[in-house]
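K.L.:
let's see this in three dimensions:
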Amino acid sequence: MLLPNKVTQIPYSKQSLTQEDFDAVLEVMNSSFLTQGPQIDLFEKALAKRFQVKHAIACSSGTAAIHLSYASLGASADSVGIVPAVTFSATANAFRYLGAKVIFCDVNPADGIIDLDSLQRILESLSEEQLDHCNFVSPVSFAGKVAPLKECADLSEKYGMKLVEDASHSPGGWSERETSGDCKWTQAACLSFHPVKHICAGEGGAVLTNLTEVADRCKALRSHGIVRPFDDEHPTPWKYEQVDLGWNYRITDLQAALGRSQLGKLDESINARKRIAKRYDEALSAPPFSERIDRPALTDGHSWHLYVIRFKEEGLRDQAYKFLKGLGIITQIHYTPLYHHPYFAKLVGNLRLPGAEEYFAGCLSIPLFPTLTQIDQDKVISELARFLSKH
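P.N.:
Numbering: from 1, shown residues only. All right, here's what the predicted structure looks like:
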């Protein structure tokens, strides 16, 4: 029986693994430790060196990293967490896990990055009573573009806020005054090692910080709040104590070995992403694209987790999504403003932020990953042109 022809899919993103990565994982599988072994410390040291921070705490997911960072810095039910409306749910969810109130900040409609004027208005609106508590601003370095961390730090310091960068999209990203993940302006930064991210560990995440107290608390909380207070010279070196109520957010040695192997190829990955972004930029700068699509700015420090185009005409984005999917070209929407989701709508009401709404109305992430071939990229471009010719 003849099977129907399958359309070969071009994903919007995917992991890029090499034989070196497979070998790193296989070595762990043949060792004595699949978890809680030496690979975790090696990975953390490599992360700290790469991001030029004092401490890196690897954990089970990017969500876990954000949760650990907020908790270790003192977030509680009395806290407020200010989050850009355009981000993945985890940036806000981690505040809710701790009982904190989430306030959504507007974004720049051109790139989805936190809007400083909106942030300032929110900070000015907080009561003196609220400012007496431990509060947070969590800017997202979105799609690979570094958030204005210096300006966020200046505003946060003025109002006594803690600052945590969600750097899940931006390892290797930089701007004139900021480097994503180096914690120059923040108390902590968080990474994700999901397969579509720059560093793939299957799943995983990390907290980066220069604060030893925060690092120590993260390490305890990721493993049930348990610490081992004594070294091998003590009469009872085996003893452990639960000093807090934590979680099982441990990363495995399998994940850590894969992550460390991937980390060694981060520059190679970013350079490949930059080449693909440049080809898109060259193609989309000309008609018919330039008249109907806005493209992201091509800057040296962008690390290109996503390539997000924005349709200028209302309703065109959703039609393009369906048209391209029918041809096996998978795209994504990053992101629906969080206040649109029923869970958050129950908390914040019928909130609509103009920058977030404008950005969301036209945004579409088209395929971008290091092993995307020129043939497949040309197909994305040509089919996008064909779509525009029909609409």
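
K.L.:
any idea of the pLDDT on D232?
P.N.:
Note for D232: predicted pLDDT of 89.

K.L.:
what do you get for P4?
P.N.:
On the pLDDT scale, P4 gets 49.

K.L.:
residue nearest the middle of the chain, spatially speaking?
P.N.:
Centroid-nearest residue in the chain: S168, 2.1 Å away (criterion: CA atoms, centre = their mean).

K.L.:
V214 contacts L73, correct?
P.N.:
Yes: between V214 and L73 a contact is recorded at 6.1 Å, counting by CB atoms under 8 Å. C-beta coordinates here come from the backbone N, C-alpha and C atoms, glycine included.

K.L.:
which residues are common contacts for the two?
P.N.:
When CB atoms under 8 Å, 6 or more residues apart in numbering defines a contact, the residues bordering V214 and L73 alike are Q187, A188.

K.L.:
for P109, which non-adjacent residue is spatially closest?
P.N.:
E358 (3.8 Å; CB to CB, 6 or more residues apart in numbering).

K.L.:
can you tell me the SS state at the closest residue to M29 other than its chain neighbours?
P.N.:
The shortest distance from M29 to any non-neighbouring residue, by CB to CB, 6+ apart, is to L254 (7.1 Å). Of the three states, L254 takes helix under DSSP: H, G, I helix; E, B strand; the rest coil.

K.L.:
so how far is F33 from L254?
P.N.:
Note on L254: its distance to F33, by CB to CB, to the nearest Å, is 10 Å.

K.L.:
which of those two has more residues huddled nearby?
P.N.:
The neighbour count for L254 versus F33, taken as other CB atoms under 10 Å, is higher for L254 (22 against 13).

K.L.:
close enough to count as contact, that one and V25?
P.N.:
Yes: using CB under 8 Å, L254 is in contact with V25, at 5.7 Å.

K.L.:
so which residues of the stretch 251-391 of the chain form strands?
P.N.:
Along the stretch 251-391 of the chain, counting by DSSP state E, counting those that start in this stretch, strands occupy 293-294, 307-311, 363-366.

K.L.:
next, format the ones you listed as TSV and append distance to K184.
P.N.:
Output for those, formatted as TSV (distance: least, CB to CB, whole Å):
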stretch	distance to K184
strand 293-294	31
strand 307-311	26
strand 363-366	29
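
K.L.:
select, out of the ones you listed, the one closest to D111.
P.N.:
Of all the strands of the stretch 251-391 of the chain, strand 307-311 sits nearest to D111, with 8.0 Å by CB to CB.

K.L.:
so what strands line up beside that closest one?
P.N.:
Partners of strand 307-311 in the sheet, by DSSP bridges, are strand 293-294 (antiparallel), strand 363-366 (antiparallel).

K.L.:
let me see the residues that make contact with that strand.
P.N.:
Outside strand 307-311, the residues that touch it by CB under 8 Å, 6+ apart are 110, 112, 143, 276-277, 280, 284, 292-296, 317, 320, 334, 359, 362-368.

K.L.:
and if you look at stretch 17-30?
P.N.:
The contact list for stretch 17-30 (CB under 8 Å, 6+ apart) reads L34, G37, Q39, C200, D253, L254, A257, L258, R260, S261, Q262, K265.

K.L.:
now do 6 Å
P.N.:
With contacts defined as CB atoms under 6 Å, 6 or more residues apart in numbering, stretch 17-30 is touched by Q39, D253, L254, A257, L258, S261.

K.L.:
could you tell me which residues make contact with the fourth one?
P.N.:
If you count contacts by CB under 6 Å, 6+ apart, A257 has them with A24, V25, V28, Q39.

K.L.:
in those residues, find the pair that's most separated.
P.N.:
Using CB to CB, the contacts of A257 reach their maximum pairwise distance at V25 and Q39, which is 9.8 Å.

K.L.:
how near is I113 to P235?
P.N.:
55 Å.

K.L.:
repeat that for P148.
P.N.:
For P148 relative to P235 (CB to CB), the value is 53 Å.

K.L.:
neighbour count for those two, which is higher?
P.N.:
P148 (22 against 7).

K.L.:
the spatially closest residue to the more buried one that is not a sequence neighbour: neighbour count?
P.N.:
Closest residue to P148 apart from its sequence neighbours, by CB to CB, 6+ apart: L116 at 6.2 Å. Other residues within reach of L116, judged by other CB under 10 Å, total 18.

K.L.:
quick one, phi/psi of the nearest residue in space to E383 that is not next to it in sequence?
P.N.:
Excluding the flanking residues, the one nearest E383 by CB to CB, 6+ apart is L327, at 5.5 Å. When read as degrees, to the nearest 10, the backbone of L327 gives phi -100, psi 10.
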